[in-house]
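# mind folding the following:
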Amino acid sequence: MIPKVFREVIDLGDGREISIETGKLAKQAHGSVVVQSGKCMMLCTVVSNYEQKDLGFLPLTVDYREKFAAAGRYPGGFFKREARPSDGEVLTMRLVDRVLRPLFPKDYTAETQVMIQLMSHDENVMPDAMAGLAASAAIQLSDFPFECAISEARVGRINGEFIINPSRAQLAESDIDMMIGASADSVMMVEGEMDEISEEEMADAIKFAHEAIKVQCAAQLRLAEAFGKKEVREYEGERTDADLEKKVHDMAYDKVYAIARAGSAKHERSAAFAKIKADIKATFSEEELADYGGLVSDYYRKAEKAAIRDLTLNEGLRLDGRQTDEIRPIWCEVDYLPSTHGSSIFTRGETQALATVTLGTSRDANKIDMPSFEGEENFYLHYNFPPFCTGEARPIRGTSRREVGHGNLAQRGLKGMIPDDCPYTVRIVSEVLESNGSSSMATVCAGTMALMDAGVQMIRPVSGIAMGLISDADSGKFAVLSDILGDEDHLGDMDFKVTGTEKGITACQMDIKVKGLSYNVLESALSQARAGRLHILGKLTDTIATANKEVKEHAPTMVTRRVPNEFIGALIGPGGKVIQEMQKETDTTIVINEDPVTEEGIVEILGIGSAGIEAVMAKIDALLFKPKVGSAYEVKVIKMLDFGAVVEYVEAPGNEVLLHISELAWARTENVTDVVNMGDVFDVKYFGRDPKTRKEKVSRKALLPRPPREEKKPVEKKPAPTKEA
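Down below sits the predicted model:
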């Protein structure tokens, strides 16, 4: 039987559109859609079990995968099957998860999976921009308890004009690359990178994307209406007790308020709050705690949150005693690690990051191999968040999604300030040693200093700050918090991270937890973030004002040289023999890449100290040496033959030519050794290639005085014989 297909189309302008279709594929899932733009097609399915789990949180899994078959390719490596997700896929999962998760009820704890698969790739369509739309559209067709439709859109800007969901080629020309997630009423998530734009320009980009998202949300609702919107499933929600909630609130609120108002360090404060909670629980019997002890804990956390928020809104004070716009004490240090190419420590309050920089060749570039994108990164950053940095012991199971996401944000904040002519591949590694508030922004600050310590000539230094927001809709009060603590991240209505230079913003990440946040509040927060960011930037430049002029003595120096393609073969040698011997003799690393535009070879020479690099450059000079016809050159005899001598140009060692025996001297030469011997140095004249033999010709005798010719007697003509003779 032919399935009934339901379809909605969204017009993106300039001839592009997105279609959402359901009814044909994956009908046993609780919701499934195929989203298509051009030849790009992705399938999204959603399933949520009907059994609630006693977890206290929603076990939601968002999985995004790109199938290599979608681009007509095989997976790389030995195993020809898609394996663990790439960093790019993980980043897309995080973007979708951050918008979906807050829209499920807090007491909904059924195992829920959102699976998005790229089934067909179009090089002119970036699929991650449609993943949020696909996820929300599938949920709208299900019976999940989900608040409202959402979508995500990428916004770029070319020549001052905003574009929704630009292609990768357009994005290369854009000065903005931002992903915005929102419902029809509220912006919920922002993440992206920019070329030092202003706060006002960033707000305008968000507004532009939100208008497009409203259209996408409306299309989802029309599709669900046509398909037949299911009744929202019933589930057993969390247990509530209004009397118990009031009792716990009354017991906890004033005590928490007093401790929060006193201002204290993280561990001291945590211990004091834990004692309040323990004292409250001690007022209940064991039977009562067994019955509703979980509710007591929940209501205590609710009272604690309310007290801390009220303190900030009423008195402008924070947990550690700071004012709302106050930055924690900062200390910095560079050149801390003696063997790295660059290193720094950045400590802000109870957050500390140790960054290292390693310089390498193009061979060390980070290769990206995804169905939707193949390429290399010559600048990349890795972020590590070990459990000890928060005073915890927990299993270590490889790189977490959080580490991938935070590292990517820091990388995007810094990469625009790496100059195009930087010859190195640059890797930053950030080790978070302490964490209580935005270790990703500490990574940006430590990364800036480590880069300058390594001698990377940054265009401008970059700093980063994490901001928070506490607001009260009833009273209209709000407080923007600069340099938030970890606790303030959890209890606030918005947390956002902004990186930038003195000139403008380079990257941002924002999660908004309150509905209908006005753009006035957003712009106020961005303005306060700029002030804090510049304060932190001043601390960085006090520590290291400008990048070191040279790399460290133990760090490699990189020199690049362009060589015509015709000489590359000779430089490499048969089976790589020449280049391998050259690297071994000079203790350097030599990498050769081809520039398809200029049709030249780009030779990268990496070595510690100048001697080895100079030796390689001399060999390349010798290889590129082209004598000019009619010019004289100094040569040295390096080999004797019966019919001549092999000589080497002194200014181009290794560049050899045969000096024929007939060109040694004007007089007839019987033996080569009669004129020259091994090691002799003299001048020769270059005549170019002989048209007949196609061999190069040089002459010693051409530069010597030509001896006078002997006068020849005229030949007497004999008389013709007579007949008689």
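
# wait, K230 sits on F144?
No. The pair K230 and F144 fails to qualify as a contact (Cβ atoms under 8 Å) at a distance of 9.0 Å. Placement of C-beta: from N, CA and C, glycine included.

# neighbour count winner among those two?
The residue with more neighbours, out of K230 and F144 and counting by other Cβ atoms under 10 Å, is F144; that gives 23 against 14.

# sec struct for the more buried one, please.
For F144, the secondary-structure state derived from DSSP: H, G, I helix; E, B strand; the rest coil is coil.

# how near is E304 to F6?
The span separating E304 from F6 equals 48 Å under the rule Cβ to Cβ, to the nearest Å.

# likewise G575?
G575 sits 62 Å away from F6, taking Cβ to Cβ as the criterion.

# tell me where the stretch 501-650 of the chain has helices.
In the stretch 501-650 of the chain, the helices defined using DSSP state H, counting those that start in this stretch lie at 519-543, 568-572, 577-586, 610-624.

# which strands or helices does the longest one pack on?
Packing contacts for helix 519-543, counted by 3 or more Cβ pairs under 8 Å, 6 or more residues apart in numbering; DSSP states H and E, involve helix 199-227, strand 330-334, strand 342-348, helix 439-453, strand 463-471, strand 478-482, strand 494-500.

# show me what counts as buried in that helix.
Residues of helix 519-543 classed as buried under the neighbour-count rule (16 or more other Cβ atoms under 10 Å) are 521-522, 525-526, 528-530, 532-533, 535-537, 539-541, 543.

# ok, the shortest one next?
For helix 568-572, burial by neighbour count (16+ other Cβ under 10 Å) applies to I568, L571, I572.

# now those residues as a markdown table including pLDDT?
Rendered in a markdown table, the data for the buried residues of helix 568-572 read as follows (pLDDT from 0 to 100):
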| residue | pLDDT |
| --- | --- |
| I568 | 86 |
| L571 | 85 |
| I572 | 87 |
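
# can you lay out these as CSV showing distance to A667?
Putting the buried residues of helix 568-572 into CSV (distance: Cβ to Cβ, whole Å) gives the following:
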residue, distance to A667
I568, 44
L571, 41
I572, 44
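
# could you dump the top strand by length along the chain to PDB, C-alpha only?
When every strand of the chain is counted residue by residue (DSSP state E), the longest turns out to be strand 40-52. The C-alpha coordinates for strand 40-52 follow below in PDB (Å, rounded to 0.1, in the frame of the first residue of the first chain):
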ATOM      1  CA  CYS A  40      20.600  17.300   1.500                       C
ATOM      2  CA  MET A  41      18.200  14.900   3.300                       C
ATOM      3  CA  MET A  42      18.200  13.900   7.000                       C
ATOM      4  CA  LEU A  43      16.000  11.500   8.800                       C
ATOM      5  CA  CYS A  44      15.000  12.300  12.400                       C
ATOM      6  CA  THR A  45      13.300   9.800  14.700                       C
ATOM      7  CA  VAL A  46      12.200  10.200  18.300                       C
ATOM      8  CA  VAL A  47      11.200   7.500  20.800                       C
ATOM      9  CA  SER A  48      10.400   7.800  24.500                       C
ATOM     10  CA  ASN A  49       9.600   4.800  26.700                       C
ATOM     11  CA  TYR A  50       6.400   4.800  28.700                       C
ATOM     12  CA  GLU A  51       8.000   3.800  32.000                       C
ATOM     13  CA  GLN A  52       9.300   6.600  34.200                       C
END
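
# show me which residues of it are buried.
Under the neighbour-count criterion of 16+ other Cβ under 10 Å, strand 40-52 has C40, M41, M42, L43, C44, T45, V46, V47, S48 buried.

# for those, which one is nearest G77?
Compare each of the buried residues of strand 40-52 with G77 using Cβ to Cβ and the shortest gap goes to M42, at 23.9 Å.

# thinking again about what came up before, same for the longest strand of the chain, what does it pack against?
For strand 40-52, the contact count by 3+ Cβ pairs under 8 Å, 6+ apart identifies strand 31-37, strand 110-120, helix 128-140 as packing neighbours.

# any idea of the mean pLDDT in the longest one?
Spelled out, that is helix 128-140. Confidence for helix 128-140, expressed as mean pLDDT, is 97.

# could you check the angle that helix makes with strand 40-52?
40 degrees (axes from the mean of the first three to the mean of the last three Cα atoms, to 10 degrees).

# turn the buried residues of strand 40-52 into JSON lines, columns for pLDDT and distance to L485.
Supplementary listing: the buried residues of strand 40-52 in JSON lines, determined by pLDDT from 0 to 100; distance: Cβ to Cβ, whole Å:
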{"residue": "C40", "pLDDT": "96", "distance to L485": "42"}
{"residue": "M41", "pLDDT": "97", "distance to L485": "45"}
{"residue": "M42", "pLDDT": "97", "distance to L485": "39"}
{"residue": "L43", "pLDDT": "98", "distance to L485": "42"}
{"residue": "C44", "pLDDT": "98", "distance to L485": "37"}
{"residue": "T45", "pLDDT": "98", "distance to L485": "39"}
{"residue": "V46", "pLDDT": "97", "distance to L485": "35"}
{"residue": "V47", "pLDDT": "97", "distance to L485": "38"}
{"residue": "S48", "pLDDT": "96", "distance to L485": "34"}
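
# which parts of the stretch 151-300 of the chain are helices?
Using DSSP H, counting those that start in this stretch, the helices assigned to the stretch 151-300 of the chain run over residues 168-173, 199-227, 242-262, 266-282, 286-315.

# tell me the buried residues in the fourth one?
Right, the one you point to is helix 266-282. Applying a neighbour-count criterion of 16+ other Cβ under 10 Å, one finds K266, R269, A272, F273, I276, K277, I280 buried in helix 266-282.

# okay, the angle between that helix and helix 286-315?
130 degrees.

# relative to helix 242-262, how tilted is helix 266-282?
150 degrees.

# name the helices or strands packed onto helix 266-282?
By contact count (3+ Cβ pairs under 8 Å, 6+ apart), the secondary structure elements abutting helix 266-282 are helix 242-262, helix 286-315, helix 486-491.

# cool, the longest one as well?
Applying 3+ Cβ pairs under 8 Å, 6+ apart, we find helix 286-315 packed against helix 242-262, helix 266-282, strand 463-471, strand 478-482, helix 486-491.
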